[in-house]
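Trainee: Sequence below, structure please.
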Amino acid sequence: MWLRLLNRYLLLFNTIKYLKPIQIYYRAYYLFRNRSRKALGINYEYTKTPADVTTLNLQISPQNHHSVYVHGTFTLLNRSKTFEKIDWNFDGYGKLWTYNLTYFEYLKDEEDIGLIYDFIDNIQGVTSGLEPFPVSLRGINWIKFLSRYRIRDEKIDGSLYAQYYILLDNLEYHLLGNHLLENGFSLLFGAYYFQDEVLYKKAVEILGKELEEQILDDGAHFELSPMYHQLMLFRLLDCVNLVQNNGWKNDTILPFLRQKAALMLGWLCQISYANGEIPLFNDSARHIAPTTDELKAYAKRLDIEQRCRQLRDSGYRKVNAKRYECVVDIGPVGAEYIPGHAHADSLSFELYVNKKPFIVDSGTGTYETDEHREYERSTAAHNTVEIGGVNSSEVWSGFRVADRARVTILEEGEKRISARHDGYRKRFGVLHTREWSFYDDAVVIEDRLDKAFSAVARFHFHPRVSREDILRCFDLADRSYTLNTYEYAPEFNKRQQAFVLELPISQQRQTPIRLDALTAGI
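Mentor: Here you go, the predicted model:
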């Protein structure tokens, strides 16, 4: 019992020690403030009269075709729910579904305005939907909807203005990262829509600081999730659209936004595969963010050209050969003080052959703190080496990371990449080194442990890949291996059975992947 308690405290300490002081301060401040207000019976105003409202001019932006509302039924994250009376707090499908219900990304036709009225009429009973993140996304979606159909409505404007001041009072300084950036993007929309100087000042302050910190020199978003990169770029392009096409303010923010957007677009275009898909690293999933092609087209309409820099700071590298594309992860787990989307996947990779997925990341099917989430973040769910049956980084409780692996790049060239991580050194005293060698029709992977230990290298295949192709490609006739199945999760709440190859390692193993042995269908 005491040992378990001590381990729990160590886990907490090794998680908290990476936080910024501002995160710790605001966690304590919001906790004390909210409890005090509840005890005193202090509540927010749910309507607030703005001094001014303007109908914004906005170019057409990509729309979410995967959040759908039809005749009383909401289909979000591949799960549908029909309401006789909408329950804006419905949590039967988990909190992320509840969040998506209150984002209002499904607003399509002018008659959908009734959904906004329903939310406003029930706002005093809303819980999760009044948290700062959904307020931020809802604000942008309502403003884009109202502007598209040239709607001026005092009831909606009064509620939306009040929600923006609730957001202003609860900015996510306790989390930082993409959450605070979303707050800033939304405040800019609110500032322009209401021509509000207070909202504008805070928006510019947040965006100036956070974009400078969160966009790395090679253009990647620092949480190192390709999907979240797409989302942040989408929001940034929306802000360029907003400022560029509306003349309320005329200052230096527009060149800054355009420069960051061009850099982010350059990184995304480099990391995306030829078929337009992204690697599913670090909580990435399909049908959440606009695609790379959609974002390229949107940027073109805004007259933004991609600015490409050599992939470096993000830790991702992409090798393009005539027959295949390979993306390897030789970087950190993510931003040190907000690694909630990080997985224990150091030295993992994906491999596309003939523009089709072959070896894949196992994906992300849920944000619920359950066995699926625990597996999807684990080392065992990725194309790397697991030692002693434990994770290379201490991922836990859905979005936490305690001790994390540190990667050292040993060699880097067009035909060979080599790196080492220390994620197992503290527990087992073992360092894992992986080397990729790239040939015209083959990729050769060599794994080395600096001392003998029980380990396994895994390779997860796309569901279309057959057992026969795997056996031919890996030439396993005279070698020990296990071919099991796993659940591939390319989208939220969508899983498919596929093969995973497990190769035992005691200290060193070379694994050639012969792509010329594959059938024509791959």
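Trainee: For the protein, which segments are assigned as helices?
Mentor: For the chain, the helices defined by DSSP state H occupy 2-16, 21-40, 95-103, 113-121, 132-148, 154-168, 177-194, 197-214, 226-244, 253-271, 292-301, 371-376, 425-428, 467-474.
Trainee: Leu311 is nearest to which of these?
Mentor: Of all these, helix 253-271 sits nearest to Leu311, with 6.0 Å by C-beta to C-beta. From N, CA and C alone the C-beta is placed, and that goes for glycine too.
Trainee: Mind giving me the packing neighbours of the closest one?
Mentor: On a contact count with 3 or more C-beta pairs under 8 Å, 6 or more residues apart in numbering; DSSP states H and E, helix 253-271 meets helix 197-214, helix 226-244, helix 292-301, strand 316-320.
Trainee: Can you say which of the ones you listed is packed in most?
Mentor: Each of the helices and strands packed on helix 253-271 was given a mean neighbour count from mean count of other C-beta atoms under 10 Å, and the largest, a mean of 23, is that of helix 226-244.
Trainee: Can you give me the domain boundaries for this structure?
Mentor: The record's domain parsing of the chain by automatic domain parsing lists 1-36, 37-301, 316-517.
Trainee: between the ones you listed, which one is nearest to Arg307?
Mentor: Of all the domains of the chain, domain 37-301 sits nearest to Arg307, with 4.0 Å by C-beta to C-beta.
Trainee: Now do that closest one: distance to the chain's middle.
Mentor: Taking the mean of its C-alpha atoms, domain 37-301 sits 15 Å from the chain's own mean (C-alpha atoms, centre = their mean, to the nearest Å).
Trainee: Could I get the buried residue list for stretch 277-295?
Mentor: Of the residues in stretch 277-295, 277-292, 294-295 count as buried by neighbour count, 16 or more other C-beta atoms under 10 Å.
Trainee: buried stuff in stretch 147-161?
Mentor: By 16+ other C-beta under 10 Å, the buried positions in stretch 147-161 come out as 147-148, 156-161.
Trainee: Show me what the mean pLDDT comes to for it.
Mentor: The predicted model assigns stretch 147-161 a mean pLDDT of 97.
Trainee: Distance check, the residue nearest to Leu268 when sequence neighbours are not counted against Val360.
Mentor: Distance criterion C-beta to C-beta, 6 or more residues apart in numbering; nearest residue to Leu268, sequence neighbours excluded, is Thr292 at 5.6 Å. Distance of Thr292 to Val360, given as C-beta to C-beta, to the nearest Å: 17 Å.
Trainee: Ala285 against Pro490, yeah?
Mentor: Yes: between Ala285 and Pro490 there is a contact at 6.7 Å, judged by C-beta atoms under 8 Å.
Trainee: so where's the protein shaky on pLDDT?
Mentor: Within the chain, the ranges that satisfy pLDDT under 70 run 478, 519-522.
Trainee: In it, which strand is the longest?
Mentor: strand 494-505 (DSSP state E).
Trainee: Each with direction, which strands does it pair with?
Mentor: When pairing is defined by DSSP bridges, strand 494-505 lines up against strand 455-460 (antiparallel), strand 482-491 (antiparallel).
Trainee: could you give the angle of that strand to helix 467-474?
Mentor: On the basis of axes from the mean of the first three to the mean of the last three C-alpha atoms, to 10 degrees, strand 494-505 is oriented at 40 degrees to helix 467-474.
Trainee: still on that earlier bit, need the residues touching each of Ala285 and Pro490.
Mentor: Common neighbours of Ala285 and Pro490 (criterion: C-beta atoms under 8 Å, 6 or more residues apart in numbering): Gly363.
Trainee: so who does Tyr424 touch?
Mentor: 387-388, 390, 392, 430-432.
Trainee: Now do stretch 482-500: everything it contacts.
Mentor: For stretch 482-500, the external contacting residues (C-beta under 8 Å, 6+ apart) are 77-79, 93, 96, 280, 285-288, 360, 362-367, 372, 376, 381, 458-463, 465, 467, 470-471, 501-502.
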